[in-house]
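Chemist: Got a predicted structure plus its sequence, pasted below:
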Amino acid sequence: MSESYLPTMTEIRGRLAAGEVRVEDVVRSCLDRMDAFEPSVRAFITRADEQALSQAREMDRSGPTPETLTTKPLWGVPLTIKDVLTTRGLRTTCASRMLTDFTPCFDAEAVSRLRNAGAVILGKVNMDEFAMGSSTENSAFQTTANPWKLDAVPGGSSGGSAAAVAARMGFAALGTDTGGSIRQPAAFCGIVGLKPSYGRVSRYGLVAYASSLDQIGPMTLTVQDAALLLRVISGHDPKDSTCADQPVPDYPALLAQRSDLSGLRIGMPQEFWSKEGLDLDVAERCAQSMAVAEKLGATCVPISLPHTPYAVAAYYIVASAEASSNLARFDGVRYGYRDKEAGNLIEMYRNSRSKGFGEEVQRRIMLGTYVLSSGYYDAYYKKAAQVRRLIQQDFHQAFKHCDVICGPVTPTTAFGMGEKTADPLQMYLTDIFTISLNLAGLPGLSLPVGLGERSGLPVGLQILGPAFREDLLLQVGHVLEHHLPRLPLPTGISQ
Amino acid sequence: MSISTDDAAKVAGLARLNPAQEKIEQFANQFNDILDYMQKLNELDTSGVEPLYSPVTHETVFRDDEVRREYSREELLDNAPETDGKYFIVPRIVG
């Protein structure tokens, strides 16, 4: 395939299934782009070139068959996976020194569903260590660059996933979102990111950071691609007791049911749209996309999510508390880094964990240990869980007046590398618009709505909905996408 | 509430971490900033509000207690830092 022709995932899947292109050629075109852009983008922790090519050749020998389109919706499509999801026989590091040599003997459920659908895995992509961060600067291996501007961050923690998709080194990626980790990097890199409702996608095989917040979701070039990927990975899984036993709608088919936004009420939370603290590029692009929505028949309704200013504080208490508990399993006994010098068991635990974990991970484990410790539990953890209830109630109240809620994904466009690393609290505050959704367990879509006039960098609009209404978010995103200018190829990479 | 360097060292011990002294001091300072920010939550009266620990409200799921052999011993020992082929080896625990 020529460099000038860069199809979406849905398009390439159609051409593969029709036998118009060979899997091996499609895989090779991605590998060629990886060879060209990886030196400057650095999205991959582990490339799986050989496995991908041998799988591709085998698929070309056996298919496509007439039933490929129906039973293998991703037949031959090359994808990338955030390195926090286990992949059988393929190294899984969580971007941590702790897991540098860890090769799982099982696939995460979402990965296994991708494989069953016929997808080809190109490799494991970079992230903030154990998904803790908003810039992918907390990786133990490398800092990923934003394909739009190589000295800017791609966002985090799914920064490698977002950069790989934006640079077209794979047709889509899986990311995970605990406090905005799919939506924020999608916005920074100009792609579509969907954080599904809590319980929509099985978390089995996702290395847990904050179990009551984490959710796996698609990162793609178009809303239609997100719909297709979500359909494949969603659905009940008995291996995850928090996974909902609910039918999975045919998301791609449902997209066709809406051609405009007539009758749709869009809630505009005053807390998200206040000009104060909102970058001009972000404010302008998001406001313009709302004007487009109104032209398409939607009615914008002012609403309030009054507890928004408390979301970041509540989130970091809940997330750190759960992280301190989840990361206790890394003790250097059964897997992971072990310090060889220690004379006794406790010393081995302490040395292994201190040398294996990076600074941000240690900071959150300690913070979590503190807020859960005797005497502080009620003051911090219980209080945060109560505020979490109030935040959830805000959304329930709001959805009585509107069908979906819209606002910016982030207060600014992608910031520069190193700009916020010295001050953890400032870094935490970049997630102010995404975090409340995870606390409430609701779905959110990040949609690219154009480039900022001053920065030249992508701006993302966030579309939020009631639990398990991903279909509605995708429909709204799909309609809007077709009436907004399509982004050009990222300006930071030469081709 | 303010966290002293000693408090931070104690928390590190509980979390089975062993940071260098200057890191402990740095963490203690950062925790004070972060926890100060978290005091914001005290502006809210939450008396009588039921805590929300998870968005999932359904009951605990049970499965049949059946023995299944999913992985081989070799596979499970494969990532171990130290093993004798049968067991995980750790430093001596009893004196």
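Modeler: Noted; the coordinates are in hand. Residues are numbered from 1 along each chain as shown, chains lettered A, B, ... in the order given.
Chemist: Give me the below-cutoff pLDDT ranges for the chain.
Modeler: Since you didn't name a chain, this refers to chain A. Low-confidence segments of chain A (pLDDT under 70): A:1-5, A:494-495.
Chemist: my bad, the chain I had in mind was chain B
Modeler: In chain B, residues with pLDDT under 70: B:1, B:58, B:95.
Chemist: residue with max distance from the center of it?
Modeler: B:Glu66 (30.0 Å; Cα atoms, centre = their mean).
Chemist: again with chain A
Modeler: Chain A, farthest from centre, Cα atoms, centre = their mean: A:Gly343 at 41.4 Å.
Chemist: Name the nearest residue to that residue, ignoring sequence neighbours.
Modeler: B:Pro91 (6.8 Å; Cβ to Cβ, 6 or more residues apart in numbering or on different chains). The way it works is simple: take the backbone N, C-alpha and C, and place the C-beta from them, glycine included.
Chemist: again, but for A:Ile303
Modeler: A:Gly267 (4.0 Å).
Chemist: Mind listing the strands whichever helix or strand that neighbour is part of pairs with, and their directions?
Modeler: Using DSSP states H and E, the element containing A:Gly267 is strand A:265-269. Using DSSP bridges, strand A:265-269 pairs in its sheet with strand A:299-303 (parallel), strand A:404-408 (parallel).
Chemist: got the contact list for the helix or strand that it is followed by?
Modeler: Toward the C-terminus, strand A:265-269 is succeeded by helix A:270-273 as the next helix or strand (DSSP H and E). Defining contact as Cβ atoms under 8 Å, 6 or more residues apart in numbering or on different chains, one finds that helix A:270-273 is touched by A:283, A:286, A:302-306, A:308-309, A:407-408, A:433, A:462.
Chemist: can you list these in JSON lines and add distance to A:Arg389 and neighbour count?
Modeler: Listed next are the contacts of helix A:270-273 as JSON lines, based on distance: Cβ to Cβ, whole Å; neighbours: other Cβ atoms under 10 Å in any protein chain shown:
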{"residue": "A:Ala283", "distance to A:Arg389": "31", "neighbour count": "17"}
{"residue": "A:Cys286", "distance to A:Arg389": "29", "neighbour count": "23"}
{"residue": "A:Pro302", "distance to A:Arg389": "24", "neighbour count": "11"}
{"residue": "A:Ile303", "distance to A:Arg389": "19", "neighbour count": "22"}
{"residue": "A:Ser304", "distance to A:Arg389": "17", "neighbour count": "15"}
{"residue": "A:Leu305", "distance to A:Arg389": "14", "neighbour count": "22"}
{"residue": "A:Pro306", "distance to A:Arg389": "14", "neighbour count": "15"}
{"residue": "A:Thr308", "distance to A:Arg389": "15", "neighbour count": "20"}
{"residue": "A:Pro309", "distance to A:Arg389": "16", "neighbour count": "14"}
{"residue": "A:Gly407", "distance to A:Arg389": "22", "neighbour count": "24"}
{"residue": "A:Pro408", "distance to A:Arg389": "25", "neighbour count": "26"}
{"residue": "A:Phe433", "distance to A:Arg389": "20", "neighbour count": "27"}
{"residue": "A:Gln462", "distance to A:Arg389": "22", "neighbour count": "28"}
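Chemist: helix, strand or coil for A:Val312?
Modeler: Here A:Val312 is recorded as helix under DSSP: H, G, I helix; E, B strand; the rest coil.
Chemist: For it, give its distance to chain B.
Modeler: 8 Å (Cβ to the nearest Cβ, to the nearest Å).
Chemist: mind listing what that residue touches?
Modeler: A:Tyr428, A:Leu429, A:Asp431, A:Ile432, A:Ile435, B:Tyr37.
Chemist: Then A:Val292?
Modeler: Contacts for A:Val292 (Cβ under 8 Å, 6+ apart) come out as A:Leu480, A:His483, A:Leu484.
Chemist: From those, keep the buried residues only.
Modeler: Applying 16 or more other Cβ atoms under 10 Å in any protein chain shown to the contacts of A:Val292, the neighbour count classes A:Leu480, A:Leu484 as buried.
Chemist: Of the contacts of A:Val292, just say which sits nearest to B:Thr83.
Modeler: Set against B:Thr83, the nearest of the contacts of A:Val292 by Cβ to Cβ is A:Leu480 (54.9 Å).
Chemist: Nearest residue to the residue in chain B that chain A sits nearest to in space, please, no chain neighbours.
Modeler: Ranked by Cβ to the nearest Cβ, the top residue of chain B for proximity to chain A is B:Pro55, at 2.5 Å. Nearest residue to B:Pro55, sequence neighbours excluded (Cβ to Cβ, 6+ apart): A:Gly441, at 2.5 Å.
Chemist: do the same with A:Leu367
Modeler: Using Cβ to Cβ, 6+ apart, the closest residue to A:Leu367 is A:Ser320 (4.2 Å).
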